[in-house]
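Engineer: Below are the sequence and a predicted model; questions follow.
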Amino acid sequence: MTDQNTPDIIYTKVDEAPELASASLLPIIQSFAAAAGVSVGIRDISLAGRILAAFPENLTPEQRISDDLAILGELVKTPEANVIKLPNISASVPQLVAAIRELQGQGYAIPDYPETPATEAEKTARARYDAIKGSAVNPVLREGNSDRRAATAVKKYAQANPHRMGEWTRDSKTRVASMAGGDFRANETSATLGAAAKARIVLTAADGSEHLLKDGVSYPAGTVVDATYMSAAALSDFLAQEIARTKAEGTLFSLHLKATMMKVSDPIIFGHAVRAFLAPVFEAFGDRMAALGVNPNSGLGDLLERVKGEADIMAAIEACMGERPPLYMVDSDRGITNLHVPSDVIVDASMPALIRAGGKGWGPDGKEHDAVCVIPDTCYAPVYDETIEFFKQNGKLNPATAGTVQNLGLMAQKAEEYGSHPTTFEIPADGVVRMVLEDGTILHEHKVQKGDIWRSASARKAPIEDWVNLAIERQAITGYRSIFWLDETRAHDAQLIAMVKPILEARGVADKFEIMAPREATRASLETITKGENCIAITGNVLRDYLTDLFPILELATSAKMLSIVKLMQGGGLFETGAGGSAPKHVQQLQGENHLRWDSLGEFCALGESFRFLAQTKGNAKAKVLGDAVDTATQGILDHDRSPGRKAGEPDNRDSHYWFARYWAEALAAQTEDAGLAAHFAPVAKALSDGEAAILAELHAARGQAVDQGGYYHPDPVKTAAIMRPSATLNAIIG
Ligand SMILES: NC(=O)C1=CN([C@@H]2O[C@H](COP(=O)(O)OP(=O)(O)OC[C@H]3O[C@@H](n4cnc5c(N)ncnc54)[C@H](OP(=O)(O)O)[C@@H]3O)[C@@H](O)[C@H]2O)C=CC1
Ligand SMILES: O=C(O)CCC(=O)C(=O)O
Ligand SMILES: [Mg+2]
């Protein structure tokens, strides 16, 4: 992969809204880069692409595609890597099943998703699909730690053009509800390995039988290895109690998890909530529903689909819902509730949206209400609890004057909980789980009951050291208040603190850093930005994810505009675009009214960084000129308000790409570092300017009409290009 055929820059092919945007933007990027001799290649990490790559033997030779994720996974371990990574779907089971059906309908003979695999062939298919499920791309590519912040221009723009924020009042009934014990935080144990080790995980059941849960997990010396479990009984009691309390308080019931990244544990927790909400129905009809294939982990949407022909069960569900508190809705117009699909409510985006709205969520009546936000585990829930309390006391944040919270996240090599899926188990029988090293040492031991969710997570030494060094570097560059969000009373964090402190001391910078538990760090950060000052949150992997939506959504209205750099540990660069996802509702809007409100600002920011990285690593002076001009163009987009509007009829993603191309060409024509590039782009800039009226008219001709891309997960590239590149004038200039 790292031979001379590797393009200078790899741009990723993804799904949904960002992929629609690429149909318009990528031809512009490739054309401008080519003028500077820079090649921009494509690798397919879309859900559909990953499915097809997993079943070559089921496809005709023409249908087969390469396993691009595996290729990229190798590339990111080399100094040559320069990858622009757009957000892709982390699929829940319902999304995976829908994508499989669509591909089958297009003539790809891939197997069905086996819900309960029985034969060897079904087991193989299930294993391959399980590897595609959930957050399966980011952990493979993230061979470095994360540096996410708003570019200065973006932050200044947000301060000058503050977005609307919902009001927070002291009497808001919105609150976070978490377990009082029996959760992952309460049961966590953690140890740092003195030497490299192999381990196995064994359940000794109460009847004495041994169940090997996992064998051959291996860790290098210095790895921090945690183990913990969530008690299923404590979880069920907690959920039942919170459903009743929510009903009494007269607010919406909402559950916030990360079923995509925590693809084994969180769908199970989600399933418990579905079961608890419909407890009387499961009691009366559990066996019949199981026979109909109901799996509560797949959500209420799938459940309703399976029982819709059973009048008595439907009547029982209706009666039960009438007794329950109203559910927080994902889409009240279409009746999609919080409990419909596990991947619909993703805590990193859902909690900030609710907080930004003044603690309000949408109810089944299509109106905004206060809500109880159920986040069962207490490792990170205090961040949201403290934020809500802070705004109740102090009122909403003012984005015109607020400073910024940047983030440095320990992410490399599947750090912490986000790498725990292969070592997460729903316990099949009461007993004791032990994690045992090859020499017989028992590293971790937990007494568990059937149904408990046991998991082990780890963080390696080299990524931890790299993360601390990154923090020292960024603190020195910015001088900002810098806080390690680590809780000395939590087992895992105590191990990390024991590694972090000596590094800071050895480097003579210990006095420049604070170490605080998440709740205290949340308050300190909110106090800092409220004063208009800036700070850096140096966090583990989960808080990296949560905070890089929370603070951007409060400060900038969206995390789509974030600069998201992953300095790969082997010397390469991975440039993620934005910090958010693929926003499925954007596709619906395009299909319905031919308006795409996807904001490519994250792509623009990543592109500038990627060109400059190329200049730095390959000594390519032209790439630097391209990158600096990208930044000027991005500034132009902000200064002239060229980002897409939210509603049909307003300028959309395609308009913003036209302006981006024009500002980029103008900047290249105007610069004096490279006369050849200036001469090349002067006529391009002129043509784009002269063609403005024609181009905008052509871009707008079909707006407002429904369009068909010939597929959702695997759209037809020709139809997509026709929709996303409707201006013949622009296309001719881009060439
Ligand atoms: N890096 C990755 O690969 C990531 C992938 N995902 C995946 O994305 C999907 C959706 O996830 P979800 O948690 O709902 O998060 P999203 O970030 O997709 O959506 C939350 C909201 O963010 C806003 N938004 C995000 N990006 C943009 C953009 N570029 N332009 C305009 N608005 C934007 C919109 O909010 P508003 O209407 O308020 O403006 C949107 O409704 C899932 O499949 C998930 O797995 C999620 C996170 C990261
Ligand atoms: O990989 C995913 O599913 C989501 C990643 C994410 O939300 C993030 O990195 O901020
Ligand atoms: Mg995130």
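Structural biologist: Received, thanks. Ligands and ions are numbered 1, 2, ... in the order given.
Engineer: quick one: which helix or strand includes residue 33?
Structural biologist: In this structure, residue 33 sits in helix 16-35 according to DSSP states H and E.
Engineer: now for that helix, which elements pack on it?
Structural biologist: strand 9-13, strand 40-44, helix 584-593, helix 601-618, helix 653-670, helix 675-690, helix 717-724, helix 728-734 (3 or more Cβ pairs under 8 Å, 6 or more residues apart in numbering; DSSP states H and E). Just so you know, the C-beta spots here come from the backbone N, C-alpha and C atoms, and that holds for glycine as well.
Engineer: JSON lines please, covering the ones you listed and showing mean pLDDT.
Structural biologist: Listed next are the helices and strands packed on helix 16-35 as JSON lines, based on pLDDT from 0 to 100:
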{"stretch": "strand 9-13", "mean pLDDT": "98"}
{"stretch": "strand 40-44", "mean pLDDT": "98"}
{"stretch": "helix 584-593", "mean pLDDT": "95"}
{"stretch": "helix 601-618", "mean pLDDT": "97"}
{"stretch": "helix 653-670", "mean pLDDT": "98"}
{"stretch": "helix 675-690", "mean pLDDT": "98"}
{"stretch": "helix 717-724", "mean pLDDT": "98"}
{"stretch": "helix 728-734", "mean pLDDT": "98"}
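Engineer: Can you add distance to residue 521 and mean neighbour count and give these back as CSV?
Structural biologist: What follows is those, written out as CSV (distance: least, Cβ to Cβ, whole Å; neighbours: other Cβ atoms under 10 Å):
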stretch, distance to residue 521, mean neighbour count
strand 9-13, 33, 24
strand 40-44, 37, 18
helix 584-593, 32, 18
helix 601-618, 26, 23
helix 653-670, 36, 24
helix 675-690, 46, 16
helix 717-724, 42, 17
helix 728-734, 47, 18
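Engineer: out of those, which comes closest to ligand 3?
Structural biologist: Nearest to ligand 3, of all the helices and strands packed on helix 16-35, is helix 601-618, at 12.2 Å by Cβ to the ion.
Engineer: what packs against the closest one?
Structural biologist: The contact analysis (3+ Cβ pairs under 8 Å, 6+ apart) places helix 601-618 against strand 9-13, helix 16-35, strand 82-85, strand 563-568, strand 573-577, helix 621-639.
Engineer: 6 Å - rerun?
Structural biologist: Taking 3 or more Cβ pairs under 6 Å, 6 or more residues apart in numbering; DSSP states H and E as contact, the helices and strands that helix 601-618 lies on are strand 82-85, strand 573-577, helix 621-639.
Engineer: thinking again about what came up before, residue 410 is nearest to which of the helices and strands packed on helix 16-35?
Structural biologist: Distance to residue 410, taken as Cβ to Cβ, is lowest for helix 601-618 among these, at 20.8 Å.
Engineer: Taking helix 16-35 as reference, get the angle to that closest one.
Structural biologist: 40 degrees (axes from the mean of the first three to the mean of the last three Cα atoms, to 10 degrees).
Engineer: So which bits of the stretch 501-650 of the chain are right by ligand 3?
Structural biologist: residue 545 (Cβ under 5 Å from the ion).
Engineer: where along the stretch 151-300 of the chain do the helices fall?
Structural biologist: Taking DSSP state H, counting those that start in this stretch to define them, one finds helices in the stretch 151-300 of the chain at 152-160, 184-187, 232-249, 265-277, 279-291, 300-307.
Engineer: Near ligand 2, which residues of the stretch 1-150 of the chain? Just list them.
Structural biologist: 90, 135, 138 (Cβ under 6 Å from any ligand atom).
Engineer: thinking again about what came up before, ranking the helices and strands packed on helix 601-618 by burial, who's on top?
Structural biologist: With neighbours defined as mean count of other Cβ atoms under 10 Å, the helices and strands packed on helix 601-618 peak in mean count at strand 573-577, which reaches a mean of 26.
Engineer: Quick check: which element contains residue 117?
Structural biologist: Per DSSP H and E, there is no helix or strand for residue 117.
Engineer: same check, this time on the one 5 residues further on
Structural biologist: With elements delineated by DSSP H and E, residue 122 resides in helix 120-132, which encompasses its position.
Engineer: starting at the chain centroid, how far to that helix?
Structural biologist: 24 Å (Cα atoms, centre = their mean, to the nearest Å).
Engineer: same thing with stretch 642-658?
Structural biologist: Distance, centroid of stretch 642-658 to centroid of chain: 24 Å (Cα atoms, centre = their mean).
Engineer: Outside of that stretch itself, which residues are in contact with it?
Structural biologist: 21, 24-25, 593, 595-599, 659, 695, 699, 704, 730 (Cβ atoms under 6 Å, 6 or more residues apart in numbering).
Engineer: Between these, identify the one with the most neighbours.
Structural biologist: residue 24 (30 neighbours; other Cβ atoms under 10 Å).
Engineer: Quickly note the distance from that one to ligand 1.
Structural biologist: Counting by Cβ to the nearest ligand atom, to the nearest Å, the gap from residue 24 to ligand 1 is 13 Å.
Engineer: List the contacts of the closest residue to that residue other than its chain neighbours.
Structural biologist: Excluding its sequence neighbours, the residue lying closest to residue 24 (Cβ to Cβ, 6 or more residues apart in numbering) is residue 724, at 4.3 Å. By Cβ under 6 Å, 6+ apart, the contact set of residue 724 is 20, 23-24.
Engineer: Just put those in TSV and tack on distance to residue 45.
Structural biologist: Converted to TSV, these look like this (distance: Cβ to Cβ, whole Å):
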residue	distance to residue 45
20	16
23	16
24	19
